[in-house]
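Undergrad: here is the input, now give the coordinates:
(2 chains, ligands or ions: 3)
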Amino acid sequence: MEQKEGSMDKENRAFEPKIIAFLCNWCTYAGADLAGVSRIQYPSNIRIIRLMCSGALDPTYVIKSLLEGADGVLIGGCHPGDCHYISGNFKARRRVAVLKTSLKEAGLEPERVWLRWISASEGAYFAKTVEEMVLHLKRLGPNPLNSMWAI
Amino acid sequence: MIKSARLNSVGVFVCHCGINIASTVDIEEVKRQLAGYPGVEFVKDYQYMCSEPGQLLFKEACRSETVGGVVVASCSPRLHETTFRRAAAEAGMNPYRVEIANIREQCSWVHHDEKEKATIKAVDIIKSVIERSKRNESLSSVSIKTVKKVLVVGAGISGMQAALNIANSGIETYLLDREPSIGGRMAQLSETFPTLDCSQCILTPRMVEVGQNKRITLMTYSEVEEVSGYVGNFKVKVRRKAAYVDWDKCTGCGLCSEKCPKKVPSEFDRSLGRRKAIYSQFPQAVPNKTVIDRESCLYFKTGKCRLCVEACPLGAIDFEQEDRIEEIEVGAIVVATGYDLYEKEKIEEYRIGYCEDVIDGLAFERLLSSSGPTQGRVLRPSDGTVPKEVVFIQCVGSRDPDHHLPYCSRICCMYTAKHAMLYKHRVPDGQPYVFYMDIRSGGKNYEEFVQRTIEEERVLYIRGRVARLYRDGKKVVVVGADTISGKKIEIRADMVVLAMAMRPSGGIGELSKKLKIQVDQNGFLSEAHPKLRPVETLTRGVFLAGCAQAPKDITDTVSQAGAAASMVLELLSNEELTHSPTTAWVDEELCAGCGQCVAQCAYGAIELDTRRKKAHVNDILCQGCGACVAACPSAAVNQRNFSISQYYSMIESIV
Ligand SMILES: Cc1cc2nc3c(=O)[nH]c(=O)nc-3n(C[C@H](O)[C@H](O)[C@H](O)COP(=O)(O)OP(=O)(O)OC[C@H]3O[C@@H](n4cnc5c(N)ncnc54)[C@H](O)[C@@H]3O)c2cc1C
Ligand code: SF4
Ligand code: FES
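TA: Ligands and ions are numbered 1, 2, ... in the order given. Have a look, this model is predicted:
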């Protein structure tokens, strides 16, 4: 679980993590669109689900994603102060923080869940975030729940 | 509406977008993969779905196919969701049954070199949208009839301007102020920077215009008692305070005030002059009516006097009058309640120097005003002599987050320069000093104005804060430091004028609660967006203007009032307002009445019926953000077409 890049074995390198992303309509979803319009290439490991606001993220969506076998979950919202609905992103931040502690208690790495503020103009940052997350998850290895079910 | 359609079945269109999608995503493969997917009735592809023929194809399917919904796999929903939904509506399908799967911006364009993976991803994206679509409900937008009347609260220059703009566009407007007259603070000013127009001379004609406008109903000496309803349909209870004078009879002749024996300090003159217990606020007041100040009136206190009753030729005095509650209905509200000055008593370090000759900026305006208590002569309030050395102190209470207010009051640099200049005009052999932190003179011709004051009027500008004031005989000693030379400075002044920080008007807290609008950390009204929605509040139908939002000069106040008026007109230009139906709703069976959702909603759209212990969402106020859905511990709150089960099924379909 604590592998460093050097010690990444062959199997892990071949491992393609699956990421579910919950992006707010007004900022990060638009940022992802901009990455497309700018033709910035990034790994195809991500599946995006649109939320109206990051504040609409019910923590059970993240839990459900992980239980179903996703290797990571990305939550994207507007920068603090920019939420279309005033303070949804702060609500998201609080909920994700609480969620991460419970994940830890349940024995799941909290770093599988990323919360990022990405604006509609930050297409490149969105692409970079996906790239980094894929790399990070490759290092972390597959969702342990997955192999548990696989047995 | 939809002929024998199975509501949970969908048709799928896959768009090639020329080669934009098709050169990366293998369309044939996508079709193959989706063909047998549960609920999918058909999968069709086309070169350009958004083109004329593409739209025809789409509409034909909406009309004839027996599907409950349609998924268009194409570019981002941010581009063409509206296009396809409109087309569906034209073809007789509920527009909310059309969903877009974004396989261009979020797939083909970003995975050029991974054609196989891009194809798999495209299939996943479409599947997840199919899942959502299968669970969509037919919705129709909520519509509300609007009352074409407007209430403007606060009749300073901002409220007057907004009311005039709205009324002149043909809409009935109520203009309410808690004072007996309209005019606000501007009526107290002498001359105005940067042009030195006499304030009364430019204000009075406006006040008359407002007073004579047929579509403006003045409600002065009134307060907002209660507000209910919502955009387009507010019901407002207005308290018409008892003036103890029948305004229908009163002509404002002033005979009553002449006879009244009771004198008290005049609020309008910042206590530099006196008024009677029965008084009109100022000579140019609109409406020109008198009121009795019950607290000072001898008759109310002792049961004796009634000199005004004898004086009034029209029998207008009415000691029996009571407050009245009047109910009005309006479609929109503009809040323009202006500002007060921070109390100088709060400045501890100056307190021992306080005497009658240490006054605030508005009091100095009254001294400068030709209709003021000294007819425009600058005289010391204590002994009526001409002050020969006057110290003006800027930023008193402003920009001091540790002790007072953190923000810049924005106009004190300008009016202090004006004060120093006007003082020199009145007392040519006098010496004005200005203590400043730095000069903020951003505005058309503002910098030139300040420079003129410094150079032509020979006003001494000293950079530094004043540490304290103390009294020495008839003088007020000002102790400060010049931060440029590093020297300690002491000036034995005849008069000190404090440029007190501007604060929101007293009572703004209660008013904002009644209107369900927000105030910022300093108590000023919050705009919906600092850049793009500067005159809207987050409560639809409530707008703001003037110093109630933040300190500003008359120029900005008037511009902002015009902007607020145009937003009101835009809102009321429709007979009906429509509102997106993808709102939240509460399943009463599941709702435990905990009320957590209520606190989550930034729009005050959820109310808890405490008796029934059930939450309820107001469709018209709900903006569809979903915050309450995520917060409900009982999963009793759901958002239409963004339901929890829709998200669950989307997740299942792609992991
Ligand atoms: C000393 C001084 C000098 C100035 N000199 C200049 C100058 O030279 N040039 C310039 O451009 N600007 C100047 N200004 C600024 C100017 O006064 C303001 O820009 C302007 O008055 C703001 O108008 P307003 O309508 O927003 O607020 P206000 O004039 O404050 O009007 C608000 C109105 O709302 C009413 N009200 C408040 N609360 C309620 C309530 N709860 N219910 C009902 N009614 C309510 C008040 O009675 C008042 O009539 C000066 C300010 C000061 C302090
Ligand atoms: S969806 Fe958002 S706006 Fe609507 S009621 Fe819930 S919290 Fe309020
Ligand atoms: S709308 Fe983007 S976080 Fe709320």
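Undergrad: next one: B:Lys262 from ligand 3, what distance?
TA: The span separating B:Lys262 from ligand 3 equals 59 Å under the rule Cβ to the nearest ligand atom, to the nearest Å. In this view, the C-beta of every residue, glycine as well, is placed from N, C-alpha and C.
Undergrad: just to check, that residue is in contact with B:Tyr299?
TA: No - using Cβ atoms under 8 Å, B:Lys262 is not in contact with B:Tyr299; the gap is 9.5 Å.
Undergrad: overlap of the contact sets of those two?
TA: In terms of Cβ atoms under 8 Å, 6 or more residues apart in numbering or on different chains, B:Lys262 and B:Tyr299 are both contacted by the residues B:Cys305.
Undergrad: need the strands for the stretch 551-655 of chain B, in chain order.
TA: In the stretch 551-655 of chain B, strands defined by DSSP state E, counting those that start in this stretch lie at B:576-579, B:584-586, B:606-609, B:614-617, B:637-639, listed in chain order.
Undergrad: is the last one positioned near chain A?
TA: What it means is strand B:637-639. Yes - using Cβ under 8 Å from any Cβ of the partner chain, a contact is recorded between strand B:637-639 and chain A, made by B:Gln639.
Undergrad: so in that sheet, which strands flank that strand, and in what orientation?
TA: In its sheet, strand B:637-639 lies beside strand B:584-586 (antiparallel), with partners assigned from DSSP bridges.
Undergrad: now the partner strand: average pLDDT?
TA: Throughout strand B:584-586, pLDDT has a mean value of 97.
Undergrad: and what of stretch B:287-299?
TA: If you average the pLDDT over stretch B:287-299, you get 97.
Undergrad: which parts of that stretch are buried?
TA: Applying a neighbour-count criterion of 16 or more other Cβ atoms under 10 Å in any protein chain shown, one finds B:Pro287, B:Asn288, B:Lys289, B:Thr290, B:Val291, B:Ile292, B:Asp293, B:Ser296, B:Cys297, B:Leu298, B:Tyr299 buried in stretch B:287-299.
Undergrad: can you check stretch A:99-107 too?
TA: Using 16+ other Cβ under 10 Å, the residues of stretch A:99-107 that count as buried are A:Leu99, A:Lys100, A:Leu103.
Undergrad: wait, which of the residues you listed is closest to B:Ala89?
TA: Closest approach between the buried residues of stretch A:99-107 and B:Ala89, by Cβ to Cβ: A:Leu99, at 39.5 Å.
Undergrad: count the residues that sit near the nearest residue to that closest one once chain neighbours are set aside.
TA: Once its chain neighbours are removed from consideration, A:Leu99 has its nearest residue in A:Pro59; the separation is 4.5 Å (Cβ to Cβ, 6 or more residues apart in numbering or on different chains). A total of 17 residues lie near A:Pro59 under the criterion other Cβ atoms under 10 Å in any protein chain shown.
Undergrad: same question for B:Tyr354.
TA: Around B:Tyr354 sit 18 other residues, with neighbours defined as other Cβ under 10 Å.
Undergrad: that one: what's it in contact with?
TA: B:Lys344, B:Glu345, B:Leu469.
Undergrad: out of the strands of the stretch 551-655 of chain B, which is the most enclosed?
TA: When neighbours are counted by mean count of other Cβ atoms under 10 Å in any protein chain shown, the highest per-stretch mean among the strands of the stretch 551-655 of chain B falls to strand B:637-639, a mean of 24.
Undergrad: does that strand come close to ligand 3?
TA: No - using Cβ under 6 Å from any ligand atom, strand B:637-639 never reaches ligand 3; the gap is at least 13.8 Å.
Undergrad: out of the buried residues of stretch B:287-299, which sit inside helices?
TA: In helices, judged by DSSP state H, the following of the buried residues of stretch B:287-299 are found: B:Leu298, B:Tyr299.
Undergrad: A:Val98 against A:Ile63, yeah?
TA: No - proximity of A:Val98 to A:Ile63 does not meet the contact threshold set by Cβ under 8 Å, at 11.9 Å.
Undergrad: who's more crowded, those two?
TA: Just comparing A:Val98 and A:Ile63: by other Cβ under 10 Å the higher neighbour count belongs to A:Ile63, 18 against 11.
Undergrad: what separates the more buried one from A:Lys104, distance-wise?
TA: Shown here: A:Ile63 relative to A:Lys104, a distance of 13 Å by Cβ to Cβ, to the nearest Å.
Undergrad: tally of neighbours for the residue of the stretch 351-500 of chain B found nearest ligand 2?
TA: Minimum separation of the stretch 351-500 of chain B from ligand 2 (Cβ to the nearest ligand atom) falls at B:Tyr407, amounting to 29.6 Å. The burial metric for B:Tyr407, expressed as a neighbour count using other Cβ under 10 Å, is 18.
Undergrad: enumerate every residue touching the closest residue to it other than its chain neighbours.
TA: Of all residues beyond its chain neighbours, the one nearest B:Tyr407 is B:Asn522 (5.8 Å), with distances taken as Cβ to Cβ, 6+ apart. With Cβ under 8 Å, 6+ apart as the criterion, the residues that contact B:Asn522 are B:Leu405, B:Pro406, B:Tyr407, B:Arg503, B:Pro504.
Undergrad: hang on, the second one in a strand?
TA: No - the assignment for B:Pro406, made by DSSP: H, G, I helix; E, B strand; the rest coil, is coil rather than a strand.
Undergrad: run through the residues that contact it.
TA: Shown here is B:Pro406, whose contacts under the criterion Cβ under 8 Å, 6+ apart are B:Arg399, B:Asp400, B:Asn522.
Undergrad: also the third one?
TA: With contacts defined as Cβ under 8 Å, 6+ apart, the neighbours of B:Tyr407 are B:Ser398, B:Arg399, B:Ala501, B:Asn522, B:Pro551.
Undergrad: which of these tops the neighbour count?
TA: Most surrounded of the contacts of B:Tyr407: other Cβ under 10 Å gives B:Ala501, at 27 neighbours.
Undergrad: looks like it contacts B:Pro401 (just checking).
TA: No - judged on Cβ under 8 Å, B:Ala501 makes no contact with B:Pro401 at a distance of 11.9 Å.
Undergrad: got any ranges where chain A has weak pLDDT?
TA: Counting by pLDDT under 70, chain A shows low-confidence ranges at A:1-13, A:147-151.
Undergrad: hey, where'd the strands end up in it?
TA: For chain A, strands defined by DSSP state E occupy the ranges A:19-24, A:46-51, A:72-77, A:113-117.
Undergrad: mean neighbour count for those strands - can I get that in TSV?
TA: Shown next, in TSV, are those (neighbours: other Cβ atoms under 10 Å in any protein chain shown):
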stretch	mean neighbour count
strand A:19-24	27
strand A:46-51	24
strand A:72-77	26
strand A:113-117	21
